[in-house]
Every structure is written in C-alpha cells, then in structure tokens.
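Student: give me coordinates for this.
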Amino acid sequence: MTARDLAIFARRNPTIVAGAAILAFMTVIAIFAPFIAGDPRHMNPVNRLLPPSAAFWFGTDGLGRDIFARCVYGARISLIVGISVASASVAIGLAIGLAAGYFRRLDNAIMRLMDGFMAIPAILLAIAMVSLNRATVAIVIVAIIIPEVPRVVRLVRSVVLSTREQPFIEAAISGGGRSLKIVLRHILPSTIPPLIVQATYVTASAILIEAGLSFLGAGVPPETPTWGNMIASSRLLLARAPWTIFFPGLCLALVVLAVNLLGDGLRDRLDPRLSRRM
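Tutor: This next block holds a predicted model:
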C-alpha cells in the first residue's frame, strides 16, 4: 500500500484512523513504560500535591507519587483487561453461539442459560469474587467475562440463524456435507465482521467496568497504579488538587473514546448497507 493509498483510506475513514492512532499511542506508552516514566509506587511526602511542572508533568498526588508515571503504568492494566476480556468473550461466545444457532436442539437450553448469566451485574459479581478470593487482575477479568459472553452469544446466534436459511447452506446440507464442515467453511466467515465490531465495544465496556471496580475498591489492589485507583484515592482532593483526578480521568476517557471511534468506523466499513449509503 502506497502513501497515496494510505491518504485516501484516512480521508474516507477518519474515525478508524483517529481511534487506531490513539490506541497505538497508548499501547506504545504502556509497552515502554519503564523507559518513559519513573517508579509509579515511589512516595516522597516532601513533593506531595505539587501542581504540573517541568519536573512532574502531571503533578503529584497526596503521597508524593508522580501522577504521570502512574498514568503511564495504569494504561497497562486497562489495556490488558480490555484486550483479555474482549478476546476471551469473543472466543467463548463464538463457539457457544455457533452451536446454539446451528443445532436447533441446543438452542433453547443454551439461550436460557445465557439469559441467566446476563442477569448477573458485572460489578456485583466482581465484588463477590473478590470477597471470596484475593483481589487480582485475573479475578477482575473473569468477573467481567462472565456477563459479556452472553451478549456475544446472542449476536453470533442471530447471524447464524439468518445465514442458515440461505440457499447455499441448504445446498450444502442436501449434498451431505458434515455439520462441522458447513459451520466452519460457510457460516463462520459471516460472523467475523460483526464480531470485530462487537469486540471493540466489549473492550471499552471492560475498561470502564475495571475502572469502576477499582474506584469502589473491588478491583486490583490499591497499591497497583490504575486509573480507577488513582481517581478513588484522590476524590477528596478534588477542590485542592484537581490535577490528581483530571489526568487519570482524561486518559480513561481518551482510551474509551478511541475504542468507540474504532468500533463505529469498523461498523460503517464492514456493514454493506452503510458502506453503499456512504
């Protein structure tokens, strides 16, 4: 792809380019955090509540910790949670949704089970799991995956049900094709575009839920630098030191905005009806 092709693509798909650029920037920062920022846990009471300056770009919090370093390392937790939840939810939901949509005998039982899982609030489930186990990133990821899987299952099932009635599927069944081969070769490709879009929305939702859990004290341990923990620990300092909440909140908003922009752009690009209209 030449530079001209890239320019044309960027002009036709500004939301995809904007979302991907912000996410790429945040990912690079998270990967190279040890080389960009200092120790996010280092406390120096002498430097507590310093405003943004050349020494401390984002200022310091109530314990004298560098907010810039904590924001940079917080990007790691948010991206790990978002990508892990989206990947696991899509993989599990895809397998269950294909089975529910293609095999009619399994449909009713699977969907009633998924309805039961959808009734479980992610935050309450996470609080319950954290109270029974030690608060870790893995526990938070599992707690968010459980309510997200049914949404993916319902999406995949709807696509499979509509695709299953197409003439080429009926021809494959009449020709004696095996069910597994029909599902993998003919039905699975039709689920990929909506799943890509759904994965972006699951990522944004997981990042927000993780921040909410950290704010409530039901997420990762308080000493771990996350944007939710930073906002929670500084909520009483809003009037005196607003930068302690502004910068982690800004990082959280930028990442969620980037994921949503990417999802909206992919939806417009992958949906044939929207593409023709645009």
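Student: alpha carbons only for contacts and neighbour counts from here, please
Tutor: Noted.
Student: what about His42, how many neighbours?
Tutor: As a burial measure, His42 scores 13 neighbours (other C-alpha atoms under 10 Å).
Student: and it, that one's in a helix?
Tutor: No. The assignment for His42, made by DSSP: H, G, I helix; E, B strand; the rest coil, is coil rather than a helix.
Student: phi, psi for it please.
Tutor: The main-chain torsion angles of His42 are listed as degrees, to the nearest 10 and equal phi -70, psi 130.
Student: all helices for this protein, in order.
Tutor: 3-12, 14-31, 33-36, 67-102, 104-118, 122-132, 137-164, 167-174, 179-182, 188-216, 227-233, 243-270, 272-277 (DSSP state H).
Student: now distance to Trp57 too, for the ones you listed, in TSV please.
Tutor: Putting the helices of the chain into TSV (distance: least, C-alpha to C-alpha, whole Å) gives the following:
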stretch	distance to Trp57
helix 3-12	32
helix 14-31	15
helix 33-36	12
helix 67-102	6
helix 104-118	42
helix 122-132	33
helix 137-164	28
helix 167-174	59
helix 179-182	56
helix 188-216	23
helix 227-233	16
helix 243-270	10
helix 272-277	43
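Student: mean pLDDT, distance to Ser53 and mean neighbour count added to these, as JSON lines?
Tutor: Output for these, formatted as JSON lines (pLDDT from 0 to 100; distance: least, C-alpha to C-alpha, whole Å; neighbours: other C-alpha atoms under 10 Å):
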{"stretch": "helix 3-12", "mean pLDDT": "60", "distance to Ser53": "36", "mean neighbour count": "11"}
{"stretch": "helix 14-31", "mean pLDDT": "84", "distance to Ser53": "20", "mean neighbour count": "17"}
{"stretch": "helix 33-36", "mean pLDDT": "86", "distance to Ser53": "17", "mean neighbour count": "14"}
{"stretch": "helix 67-102", "mean pLDDT": "90", "distance to Ser53": "11", "mean neighbour count": "23"}
{"stretch": "helix 104-118", "mean pLDDT": "84", "distance to Ser53": "47", "mean neighbour count": "14"}
{"stretch": "helix 122-132", "mean pLDDT": "77", "distance to Ser53": "37", "mean neighbour count": "17"}
{"stretch": "helix 137-164", "mean pLDDT": "87", "distance to Ser53": "32", "mean neighbour count": "21"}
{"stretch": "helix 167-174", "mean pLDDT": "71", "distance to Ser53": "64", "mean neighbour count": "12"}
{"stretch": "helix 179-182", "mean pLDDT": "74", "distance to Ser53": "61", "mean neighbour count": "14"}
{"stretch": "helix 188-216", "mean pLDDT": "86", "distance to Ser53": "27", "mean neighbour count": "21"}
{"stretch": "helix 227-233", "mean pLDDT": "86", "distance to Ser53": "19", "mean neighbour count": "24"}
{"stretch": "helix 243-270", "mean pLDDT": "86", "distance to Ser53": "11", "mean neighbour count": "20"}
{"stretch": "helix 272-277", "mean pLDDT": "49", "distance to Ser53": "47", "mean neighbour count": "10"}
